[in-house]
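A.B. asks: have a look at this prediction, sequence included:
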Amino acid sequence: MNTALFTHPACIEHDPGLGHPECPERLKAVLAALDAEPFHLLDRREAPRATLEQLARVHRTDYIDHVFASVPEQGHAGLDPDTIISPRSGEAALRAAGAVVAAVDAVMTGEVRNAFCAIRPPGHHAESDHAMGFCLFNNVAVGAAHARAVHGLQRLAIIDFDVHHGNGSQAFCEHDPGLFYASTHQFQTFPGTGATREQGDFGNIVNAPLPAMSGSPEFRHAMTRTVLSALDTFAPDMVIISAGFDGHSRDPLATLHLTEDDFAWATRKLGEIARRHANSRVVSALEGGYNFHALAASCASHVRELMAL
């Protein structure tokens with residue numbers, strides 16, 4: 001079984017406007033990197049659209065309606081000051097969430113060993129009733145809810161190493177003992193959540209904030225001592241990764257000093273826990289990363305490790 005790559009051209013057509021950091025060139029850079037010779041064995045699949053039923057397991061129907069009603073026929077519209085949409089944004093958002101749902105299906109049916117979803121807009125800031133931080137729908141949460149509703153998995157883990165805390169994913173998980181969310185992120189940066197005291201109703205939320213200017217030693221220590229140990233104790237049925245690469249030293253939106261090797265290491269360690277508890281079931285979805293070269297190189301390292309799991 002190979003690693004699957006889920007994506008769709010509509011994800012490139014989502015256009016937040018000139019100068020916006022979450023731009024189409026991000027995904028173009030990722031796909032170009034994954035077109036290189038080491039990735040020719042990827043099982044490349046077109047992301048389907050998520051259905052209303054799939055989205056509504058995570059998001060309020062009035063919010064879903066609001067998103068699609070706000071999509072402009074031309075030009076741009078704002079769902080919040082940072083989250084700007086264009087005529088193809090609704091289609092892109094459906095394909096992004098649909099990619100994670102399809103990836104869960106492919107992994108659960110044994111068609112592929114694991115999967116990476118090269119998608120945008122990202123999702124981990126989106127909450128049940130509002131857009132936030134470039135995110136329309138919470139792609140990984142939609143995938144986790146689908147894994148539970150359709151495949152009967154009882155213990156779903158979302159692991160987030162984006163440099164920004166995934167407030168939307170945390171909100172999705174924090175009241176349900178069968179859901180687990182853990183994050184490493186830069187402390188006191190957007191969105192301002194993710195303190196260590198935020199632990200969920202059942203101790204099922206684990207935050208490991210990193211001070212500005214942290215590098216590989218601090219990141220790996222936080223992952224090992226806090227995130228990985230808690231994940232191992234939780235013993236998930238599936239590991240879903242919010243794969244944000246904006247902790248890279250070259251990224252313009254934060255001040256951590258991670259490298260491609262750090263993301264590869266984290267992927268490998270998460271895969272070891274998935275092998276131990278979840279029959280190696282791993283689904284990963286792209287979140288942030290705003291330096292094109294660093295993003296492409298980091299994604300390549302991440303996917304290379306997925307292919308080796």
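C.D. replies: That came through fine. Residues are numbered from 1 along each chain as shown.
A.B. asks: is the most centrally placed residue in the chain in a bridge, and if so with what?
C.D. replies: With distances taken as Cα atoms, centre = their mean, the residue of the chain nearest its centroid is Ser242 (2.7 Å). Beta bridges link Ser242 to Asp160, Ala285, judged by DSSP bridges.
A.B. asks: how close does it sit to Asp62?
C.D. replies: Counting by Cβ to Cβ, to the nearest Å, the gap from Ser242 to Asp62 is 25 Å. C-betas here are computed from N, CA, C, even on glycine.
A.B. asks: which phi and psi does Leu153 have?
C.D. replies: With angles defined as degrees, to the nearest 10, Leu153 sits at phi -70, psi 140.
A.B. asks: these two touch, right, it and His277?
C.D. replies: No - judged on Cβ atoms under 8 Å, Leu153 makes no contact with His277 at a distance of 11.5 Å.
A.B. asks: need the overlap of contacts for these two.
C.D. replies: Residues touching both Leu153 and His277 (Cβ atoms under 8 Å, 6 or more residues apart in numbering) are Asp237.
A.B. asks: can you show me the helices along the protein?
C.D. replies: Taking DSSP state H to define them, one finds helices in the chain at 10-13, 24-33, 52-56, 61-70, 89-108, 139-151, 167-173, 216-222, 229-234, 260-277, 292-308.
A.B. asks: show me the contacts for the closest residue in space to Ala297 that isn't next to it in sequence.
C.D. replies: Of all residues not flanking Ala297 in the chain, Glu260 sits nearest, at 5.0 Å (Cβ to Cβ, 6 or more residues apart in numbering). Counting by Cβ under 8 Å, 6+ apart, Glu260 makes contact with 248, 294, 297-298, 300-301.
A.B. asks: most neighbours, which of those?
C.D. replies: Counting neighbours by other Cβ atoms under 10 Å, Ser298 leads the contacts of Glu260 with 29 neighbours.
A.B. asks: check it and give its pLDDT.
C.D. replies: Per-residue confidence (pLDDT) for Ser298: 98.
A.B. asks: does it touch Glu287 like I think?
C.D. replies: No - judged on Cβ under 8 Å, Ser298 makes no contact with Glu287 at a distance of 11.5 Å.
A.B. asks: can you redo the contacts of Glu260 as TSV with distance to Phe116?
C.D. replies: Formatted as TSV, those follow (distance: Cβ to Cβ, whole Å):
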residue	distance to Phe116
His248	17
Ala294	17
Ala297	15
Ser298	12
Ala300	11
Ser301	12
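A.B. asks: tell me which two of these sit farthest apart.
C.D. replies: Across those, the longest distance by Cβ to Cβ is 12.4 Å; it joins His248 and Ala300.
A.B. asks: so who does the residue lying closest to Phe190 once chain neighbours are set aside touch?
C.D. replies: The shortest distance from Phe190 to any non-neighbouring residue, by Cβ to Cβ, 6+ apart, is to His164 (5.4 Å). His164 sits next to 124-125, 133, 185-186, 189-191, 244, 246, 253-254, 288 when contact means Cβ under 8 Å, 6+ apart.
A.B. asks: before we move on, what about Leu31?
C.D. replies: Applying Cβ under 8 Å, 6+ apart to Leu31 gives the contacts 7, 118.
A.B. asks: just Ala171 next, same as before
C.D. replies: Taking Cβ under 8 Å, 6+ apart, we find Ala171 in contact with 127-128.
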